[in-house]
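Colleague: sequence and predicted structure, then a few things I'm wondering about:
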Amino acid sequence: MKTERKWLAEEDENKGHTAIAKIVEENRVLLSMNKALMDNDQFGILVTDLDGTVMEFNRTAENLLGKKADHVLGSYIGNIQEIGQYVVEALTAEKRFEKIHVFVGRKLEQASLVDTFPLYDEDSRLVGAFAQLHDITEVCRVHERFNYLTNYDELTGIPNRKFLESILAEWMGEDARYQDKGGLTVVHLGLDRFKVVNDTLGYADGNDVLKKIVQRLQSSLKTHELIARVGGDEFIIVAPYADAWENEQIGERLHTLFNEPFMIKGYEFHMTASMGIALYPDDASTPEDLLFKAEVAKSYAERNGKNQFVLYTKRLDFDSHERILLEASFRKAMDLNELVLHYQPKIDMKTGLISGIEALVRWQHPEKGLISPTEFIPLAEELGLISRLDEWVLREACEQNKRWQEMGFTPMSVAVNLSSSQFMSHKLIRLVETILKETGLEAEYLELEITETMAMNVNYAIPTLKRLNALGVQISLDDFGTGYSSMNYLTKFAIDSLKIDRSFIWNIEKGESDSIIVSTMIRMAHGLGLKVIAEGVEDTKQLQFLNEHGCDEVQGFIFSKPVPAEEIESQFLATLNG
Ligand code: C2E
Ligand code: MG
Ligand code: MG
């Protein structure tokens with residue numbers, strides 16, 4: 001309210017409002033009120049005598065207050081609503097009131113600004129009171145609109161972040177009404193992959209999706225729960241309670257809202273959301289901190305598979321702190337040449353000699369040492385740096401393989417793992433072609449590993465694999481057994497080999513079922529004319545089993561960990577050449 005008053009006061013000054021007040025004030029005399037002043041239609045003017053009987057009441061006052069001068073003149077000012085009480089106080093207590101904002105007149109929305117003060121004669125004796133009214137209906141309307149725009153989201157009509165923060169501040173303040181009522185729950189809800197919807201549908205329809213989502217969210221809210229939009233596809237839901245059971249309930253409730261698809265232009269869109277939940281007063285004591293904690297939990301939900309809700313715990317803080325540090329240094333890693341390739345040999349089961357090499361990327365961190373790709377590849381994906389990383393690995397591995405050939409070692413293929421975004425990129429075929437050309441490596445000496453999960457979009461995978469195959473490069477299906485490939489599709493994929501996922505190999509000795517799965521995979525692959533590679537082989541029992549069942553190649557710590565290029569040369573390539 002304070003800021004509002006100030007704003008109105010400034011607005012008024014421009015219109016000479018204070019100037020008139022001054023004239024009256026400076027004279028401090030009510031002699032004969034200038035007729036011109038009284039008829040000034042910009043201001044409503046009202047004068048009473050010492051008893052509060054209305055002596056003057058101009059035309060503008062008539063309009064503003066919706067009362068005829070005939071009725072008001074000679075009557076007691078205290079009977080005039082809203083304004084009367086101030087004038088009476090000016091008379092009885094000689095108080096001054098400036099810029100009081102009141103609603104007057106027949107139409108409730110008509111707002112006026114009032115100045116009221118006592119009037120004195122030459123001897124400084126109180127003789128009456130003066131009130132000046134100013135119509136600010138229009139100003140208020142503008143202000144209301146301005147207020148709406150600064151507090152609400154235009155697209156969806158729900159509160160925006162600013163408004164949300166002020167509400168939270170109010171609810172969490174000193175005499176907060178929720179303090180002793182069990183606290184507050186804040187849910188930060190982010191839509192998963194909304195960007196894809198926007199990209200495929202365009203902004204207008206994307207906005208429609210957002211509106212529909214908000215409607216659905218809103219309709220699920222209970223009394224006293226509130227929703228605000230705090231980013232393009234991010235929302236906050238505030239609920240007035242905070243106990244673990246209720247929190248799971250609200251998480252579940254919001255989560256199930258996304259089970260049904262959203263219809264846009266006759267198409268069904270399945271949307272999911274990641275949510276983080278934080279509690280006041282358990283997790284935070286200020287609105288900013290409460291919102292921050294919910295966001296930390298939401299990013300955790302996003303990073304760990306999306307489409308779920310996560311309750312905030314202190315442990316997440318540590319995670320996010322570590323992550324922020326890691327993120328910052330990863331951005332520089334590529335410029336600083338901190339990425340390195342290590343190589344792991346594939347061993348031919350029959351000869352026991354090296355028959356191929358897999359390139360595996362590592363990050364040589366200046367303080368933390370070697371960091372595994374399972375840690376920084378998801379990071380690179382999120383930071384939008386994955387295509388740069390992929391391209392670097394591809395070029396580096398091809399260059400290295402060419403170098404080995406030039407050194408006179410027996411030529412063999414180098415395998416490079418593709419990330420899913422690289423596999424989905426329309427630039428993939430061109431990139432592979434270009435790099436082969438630039439490095440001078442023949443296509444048959446490059447192998448691309450794609451995971452079974454990446455091939456799940458079969459309509460895309462089948463033609464893409466065909467085109468890669470046509471370039472002459474080898475293709476293998478990595479981590480086989482962890483995805484959902486059906487045999488039916490496997491026959492349609494232009495691939496050369498299957499790599500049985502290491503989890504199956506490790507269980508060979510443990511359970512009968514895994515050994516049956518592995519032997520079946522080998523037979524099945526052979527039936528399709530594919531080569532079979534077992535990864536993660538660590539001991540002789542596993543090796544023996546694989547040998548007995550006709551596995552073609554093995555890869556694993558039993559022969560070598562991934563090592564720098566020089567070690568591959570000295571320990572494997574050199575022996576091959578005799
Ligand atoms: P992957 O392609 O299935 O690679 C095999 C992983 O198993 C490697 O982990 C390797 O070090 C590990 N490994 C090999 N033999 C053994 C063994 O006997 N025992 C055990 N315990 N582990 C073994 P790494 O290097 O950490 O790579 C993990 C994953 O990261 C890779 O799985 C691959 O999916 C991905 N990756 C690695 N390098 C790249 C790359 O340059 N680009 C992309 N896009 N992904 C990469
Ligand atoms: Mg691999
Ligand atoms: Mg693998």
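Modeller: Perfect, I can see it now. Ligands and ions are numbered 1, 2, ... in the order given.

Colleague: residues from the protein in reach of ligand 3?
Modeller: Proximity of the chain to ligand 3 (Cβ under 5 Å from the ion) is limited to residues 478-479, 535. All C-beta atoms are positioned from the backbone trio N, CA, C, and that covers glycine.

Colleague: scan those residues and report the most crowded one.
Modeller: Asp478 (25 neighbours; other Cβ atoms under 10 Å).

Colleague: how far does stretch 547-559 stretch from one end to the other?
Modeller: 15 Å (Cα to Cα, to the nearest Å).

Colleague: one more: stretch 402-421?
Modeller: End-to-end span of stretch 402-421 (Cα to Cα): 26 Å.

Colleague: and the residues of the chain next to ligand 3 as a markdown table, adding distance to Phe376?
Modeller: Shown next, in a markdown table, are the residues of the chain next to ligand 3 (distance: Cβ to Cβ, whole Å):
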| residue | distance to Phe376 |
| --- | --- |
| Asp478 | 18 |
| Asp479 | 19 |
| Glu535 | 21 |
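
Colleague: now intersect these with the strands, please.
Modeller: 478-479 (DSSP state E).

Colleague: and which of the residues of the chain next to ligand 3 is nearest to Gly173?
Modeller: Asp479 (53.6 Å; Cβ to Cβ).

Colleague: right, and that closest one touches Ala455 too?
Modeller: No - with contacts counted by Cβ atoms under 8 Å, Asp479 stays clear of Ala455, the gap being 10.7 Å.

Colleague: how about the residue of the chain positioned farthest from its centre, phi and psi?
Modeller: Residue farthest from the centre of the chain, counting by Cα atoms, centre = their mean, is Asp123 at 70.6 Å. Phi and psi for Asp123, reported as degrees, to the nearest 10, are phi -90, psi 20.

Colleague: please report phi then psi for Trp354.
Modeller: Rather than Trp, residue 354 is Ile. phi -60, psi 140.

Colleague: how many residues are close by it?
Modeller: When counting by other Cβ under 10 Å, one arrives at 22 neighbours for Ile354.

Colleague: show the contacting residues for it.
Modeller: Shown in contact with Ile354 (Cβ atoms under 8 Å, 6 or more residues apart in numbering): 345-348, 412, 568, 572-573, 575-576.

Colleague: from those, which land in strands?
Modeller: The strands, defined by DSSP E, take in 345-348 from the contacts of Ile354.

Colleague: which of these lies closest to ligand 2?
Modeller: Of all the ones in strands among the contacts of Ile354, ligand 2 sits closest to Lys346, with 10.4 Å by Cβ to the ion.

Colleague: which residues does the closest residue to the closest one other than its chain neighbours bridge with?
Modeller: Closest residue to Lys346 apart from its sequence neighbours, by Cβ to Cβ, 6 or more residues apart in numbering: Gly356 at 4.0 Å. Assessed by DSSP bridges, Gly356 has beta-bridge partners Lys346, Ser413.

Colleague: wait, Gly356 sits on Ala397?
Modeller: No - look at Gly356 against Ala397 with Cβ under 8 Å: they stay out of range, at 12.0 Å.

Colleague: give me the number of residues near the closest residue to ligand 2 within the stretch 201-350 of the chain?
Modeller: As assessed by Cβ to the ion, ligand 2 sits closest to Gln344 within the stretch 201-350 of the chain, at 8.9 Å. When neighbours are counted by other Cβ under 10 Å, Gln344 registers 21.

Colleague: that one and Pro564 touch, don't they?
Modeller: No - taking Cβ under 8 Å as the definition, Gln344 is not a contact partner of Pro564, at 11.2 Å.

Colleague: any idea how far Thr453 is from the closest residue to ligand 2 within the stretch 451-578 of the chain?
Modeller: Of all residues in the stretch 451-578 of the chain, Asp478 sits closest to ligand 2, at 4.3 Å by Cβ to the ion. Asp478 is 9 Å from Thr453, where distance means Cβ to Cβ, to the nearest Å.

Colleague: now the helices: where do they sit in the stretch 201-350 of the chain?
Modeller: With DSSP state H, counting those that start in this stretch as the definition, the stretch 201-350 of the chain shows helices at residue ranges 203-220, 244-256, 287-303, 314-333.

Colleague: most tightly packed of those?
Modeller: Each of the helices of the stretch 201-350 of the chain was scored by mean neighbour count; the highest is helix 287-303, a mean of 21, by mean count of other Cβ atoms under 10 Å.

Colleague: who's in contact with that helix?
Modeller: Identification of contacts with helix 287-303 by Cβ under 8 Å, 6+ apart yields 165, 168-169, 172, 184, 186-190, 192, 230, 236, 274-280, 283-284, 308-312, 316-317, 319-320, 378, 382.

Colleague: so which of those residues are in strands?
Modeller: Secondary structure from DSSP E places 184, 186-190, 230, 236, 274-280, 309-311 of the contacts of helix 287-303 in strands.

Colleague: what residues are shared contacts of Gly356 and Ala397?
Modeller: Contact with both Gly356 and Ala397 is made by residues Val414, according to Cβ under 8 Å, 6+ apart.

Colleague: higher neighbour count, those two?
Modeller: Neighbour count, other Cβ under 10 Å: between Gly356 and Ala397, Ala397 has more, with 27 against 22.

Colleague: ok but the more buried one is inside a strand, no?
Modeller: No - applying DSSP: H, G, I helix; E, B strand; the rest coil, one finds Ala397 to be helix, outside a strand.

Colleague: would you confirm that it contacts Leu341?
Modeller: Yes - contact between Ala397 and Leu341 holds when scored by Cβ under 8 Å: they sit 6.2 Å apart.

Colleague: who touches both of these two?
Modeller: Common contacts of Ala397 and Leu341 (Cβ under 8 Å, 6+ apart): Ala359.

Colleague: re the thing from before, of the ones in strands among the contacts of Ile354, buried ones?
Modeller: Among the ones in strands among the contacts of Ile354, those classed as buried by 16 or more other Cβ atoms under 10 Å are 345-347.

Colleague: from those, which is closest to His426?
Modeller: Lys346 (30.5 Å).

Colleague: what sits against that closest one?
Modeller: By Cβ under 8 Å, 6+ apart, Lys346 lies in contact with 354-358, 415, 533, 553-555.

Colleague: of those residues, closest to ligand 1?
Modeller: Each of the contacts of Lys346 was checked against ligand 1 using Cβ to the nearest ligand atom; the closest is Gln555, at 5.9 Å.

Colleague: from the chain's centre, how far out does the helix or strand hosting Ala470 sit?
Modeller: Under the criterion of DSSP states H and E, Ala470 resides in helix 458-471. Offset of helix 458-471 from its chain centre (Cα atoms, centre = their mean, to the nearest Å): 34 Å.

Colleague: ok, residues contacting it?
Modeller: Contacts of helix 458-471 (Cβ under 8 Å, 6+ apart): 423-424, 428-429, 432-433, 436, 443, 448, 450, 454-455, 475, 489, 492-495.

Colleague: try 10 Å this time
Modeller: For helix 458-471, contacts defined as Cβ atoms under 10 Å, 6 or more residues apart in numbering pick out 418, 423-426, 428-429, 432-433, 436, 443-444, 446, 448, 450, 454-455, 457, 474-475, 477, 485-486, 488-489, 492-496.

Colleague: for Lys492, list the residues it contacts.
Modeller: Counting by Cβ under 10 Å, 6+ apart, Lys492 touches 458, 461-462, 465-466.

Colleague: turn those residues into a markdown table, columns for neighbour count.
Modeller: Shown next, in a markdown table, are these (neighbours: other Cβ atoms under 10 Å):
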| residue | neighbour count |
| --- | --- |
| Val458 | 15 |
| Ala461 | 22 |
| Ile462 | 14 |
| Leu465 | 21 |
| Lys466 | 12 |
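
Colleague: pLDDT check: weakest of those residues?
Modeller: Within the contacts of Lys492, pLDDT reaches its minimum at Val458, with 80.

Colleague: residue of the stretch 151-300 of the chain nearest ligand 3, please.
Modeller: Taking Cβ to the ion, the stretch 151-300 of the chain has Arg193 as its residue nearest ligand 3, at 25.6 Å.

Colleague: to what extent is that residue buried, counted in neighbours?
Modeller: Using other Cβ under 10 Å, Arg193 has 13 other residues around it.
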